[in-house]
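> Below are the sequence and a predicted model; questions follow.
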Amino acid sequence: MLPHGAFKALLLLVCGASAATVLPPTNVTVSCQTPKVTVSWLHGGQQPHTFRVRVQSSAGDYVEDITAAHQYDLSRFVWASETRYMDLHFVNMTAIQGDEQSAWVESDTFSFNQCKTAALKFKLDFPPVELNEAVVHFRNPFKFYRELKQATKQATFRFTVSVGAVGCSAFNGFCSVNQENCELNVSFPDGAERCFNLSGGLYDSNGVGEMMFRDTGRICPTKDTEDHVVVLIVLLSIIVIIIIGAVISVCWTKAWTLENQIKPVISVRRPTEKTNKAVDGHVAEVTKKLYFDVVETDISPVAVIKPCKRPSISSEDSAESSSPDLETVGLIREEYGTDADSVDDSEKTEYIVMDSEEEEEEEEEEESPYDCPQNLQVDMGDGDMVTGYTKR
């Protein structure tokens, strides 16, 4: 049986040999790309390895995780609270292979708090800065960086604007957590360039912690920058006008097309007028349409005739022949048709009222049964033609 001292020595030898078989990570480096904080490392082992990463703070907080990658994001741990991002931090890590692991390797200490004694001191960048007339303004860092949302209401951001030559004049300002923007009125020396430098930092609620921001360096708004802004505004205005014109043109075209496709049906009554015209001493009433129909219709000629006296054979015939009243309406038939011909629907007839006095005068004159009037075309004016008669 081995003595106790020999057994302990043997155990240490075995553990040392086991640790020596797994190579530890090398070049463990913490870097900051505002506001992201990462740790990266190298490893020269031939076989795949996993790594245990432990992030610790000087206040005793820590988080441990396992990854197969060669880098790890520390942002979630650092920006968890105002106390956390004002503290000092470092990383411990080891390589794991199976049931064995390498020795622990520690990174440099780092912090955003300029009051902490750390090997690495990180800074945040200023939000975009503008100068309008004599006002320097930029987005409040508490609003610009969502990582700072854990800051207490008592925290403030203090900044300094230096104008002119170095150390010539400086203007100090500050903004609280609730402000959207930080602004400060400045004045430039006569004849000097409108250039300035911006520096500042974030102070915690106790006024002890100070998170410094990286200086902006010399900022000189140039005339070229202003010209570029004017050109950009003009181009945007032209684009807006073109878009509005295109929309109006499309709407007008659609409305015009719709109007041509659907037209309202309008019913128009065709007015007529009646006039009296004299033909060979006779008055005829003529109805004329002010607008002519397009549809063609059959129009029968109008004949104004005086009925012929037939030769008397007996007194009865004479009485019968004299019975018709000449003041009645005379029947006008085309080409002297008989009563039987009136049955045919194709024959069109019209009635003309004869002047009674002229009718009686003509009856007094003795006429031969063979002196029947002959058809005669008479122009009544305006292109209206009627068939009249004349004595033989």
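Structure's in. What do you need?

> contacts for stretch 66-73?
Applying CB atoms under 8 Å, 6 or more residues apart in numbering, the contact partners of stretch 66-73 are 36-43, 48-53, 65, 91, 96. Using the backbone N, CA and C atoms, a C-beta is placed for each residue, glycine as well.

> So residue 148 is in contact with residue 202, correct?
Yes: if you go by CB atoms under 8 Å, residue 148 and residue 202 touch, sitting 7.3 Å apart.

> the more surrounded of these two?
When residue 148 and residue 202 are compared for neighbours, residue 202 comes out ahead with 26 against 21, by other CB atoms under 10 Å.

> separation between that one and residue 208?
Distance, residue 202 to residue 208, by CB to CB, to the nearest Å: 12 Å.

> Low-confidence ranges, the stretch 251-392 of the chain, go.
The model of the stretch 251-392 of the chain has pLDDT under 70 over residues 259-383, 386-392.

> Quickly list what's touching both of residue 148 and residue 202.
Residues touching both residue 148 and residue 202 (CB under 8 Å, 6+ apart): 141, 142.

> Longest helix in this protein, please.
The longest helix of the chain (DSSP state H) is helix 223-261.

> Where does the record place the domain boundaries for this structure?
17-121, 124-223, 272-390 (automatic domain parsing).

> check contacts around residue 83.
For residue 83, the contact set (CB under 8 Å, 6+ apart) comprises residue 59.

> Roughly how far does it sit from residue 113?
Separation of residue 83 from residue 113 (CB to CB): 10 Å.

> Name the strands paired with whichever strand in the chain runs longest and say parallel or antiparallel.
Longest strand in the chain, counting residues (DSSP state E): strand 88-97. Strand 88-97 pairs in its sheet with strand 50-57 (antiparallel), strand 100-101 (antiparallel), strand 105-106 (antiparallel), strand 110-111 (antiparallel), by DSSP bridges.

> mean confidence for the third one?
Averaging the model's pLDDT scores along strand 105-106 yields 96.

> Is residue 75 in contact with residue 32, as I believe?
No: in this structure, residue 75 is not within contact of residue 32 by CB under 8 Å, at 9.4 Å.

> What residues of stretch 25-33 count as buried?
Neighbour-count burial for stretch 25-33 flags 25, 28, 30, 32 (criterion: 16 or more other CB atoms under 10 Å).

> Secondary structure of the third one: a strand, I assume?
Yes: the assignment for residue 30 (DSSP: H, G, I helix; E, B strand; the rest coil) places it in a strand.

> what about burial for the contacts of stretch 66-73, which qualify?
The neighbour-count test (16+ other CB under 10 Å) applied to the contacts of stretch 66-73 identifies 37, 39, 41, 43, 49, 51, 52, 53, 91 as buried.

> of the residues you listed, the lowest pLDDT goes to which?
Lowest pLDDT within those is found at residue 49 (83).

> which ones are touching that residue?
Applying CB under 8 Å, 6+ apart to residue 49 gives the contacts 22, 43, 68, 95, 96, 97.

> likewise residue 154?
204, 205.

> picking that back up, turn the buried ones among the contacts of stretch 66-73 into a markdown table, columns for distance to residue 119.
Listed next are the buried ones among the contacts of stretch 66-73 as a markdown table, based on distance: CB to CB, whole Å:
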| residue | distance to residue 119 |
| --- | --- |
| 37 | 14 |
| 39 | 13 |
| 41 | 16 |
| 43 | 22 |
| 49 | 27 |
| 51 | 22 |
| 52 | 22 |
| 53 | 18 |
| 91 | 12 |
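
> ranges for the helices of the chain?
Under the criterion DSSP H, helices of the chain are mapped to 4-20, 75-78, 82-85, 141-144, 223-261, 315-322, 356-364.

> re earlier: so which two of the contacts of residue 49 are the farthest from each other?
Maximum pairwise distance in those, criterion CB to CB, is 14.8 Å, between 22 and 68.

> higher neighbour count, the two?
Between residue 22 and residue 68, counted using other CB under 10 Å, residue 22 has the larger neighbour count: 19 against 9.

> Against residue 133, how distant is the more buried one?
According to CB to CB, residue 22 stands 65 Å off from residue 133.

> Once you drop chain neighbours, what's closest to residue 107?
In this structure, residue 107 finds its nearest non-sequential neighbour in residue 91, 4.0 Å apart by CB to CB, 6 or more residues apart in numbering.

> The one you found is in contact with residue 51, isn't it?
No: Residue 91 is beyond contact range of residue 51, at 10.9 Å (criterion: CB under 8 Å).

> and residue 222, what pLDDT?
Residue 222 is assigned 72 on the pLDDT scale.

> Residue 174: neighbouring residues, count only.
Residue 174 is flanked by 14 other residues according to other CB under 10 Å.

> ok, it touching residue 158?
Yes: look at residue 174 against residue 158 with CB under 8 Å: they come within range, at 4.5 Å.

> Report the set of residues contacting both of the two.
Common neighbours of residue 174 and residue 158 (criterion: CB under 8 Å, 6+ apart): none identified.

> and the spatially closest residue to residue 209 that is not a sequence neighbour, what does it touch?
Nearest-residue entry for residue 209: residue 86, 3.7 Å, with adjacent residues in sequence omitted and distances by CB to CB, 6+ apart. Residue 86 makes contact with 111, 112, 113, 116, 204, 209, 211, according to CB under 8 Å, 6+ apart.

> Alright, that wraps it up for me.
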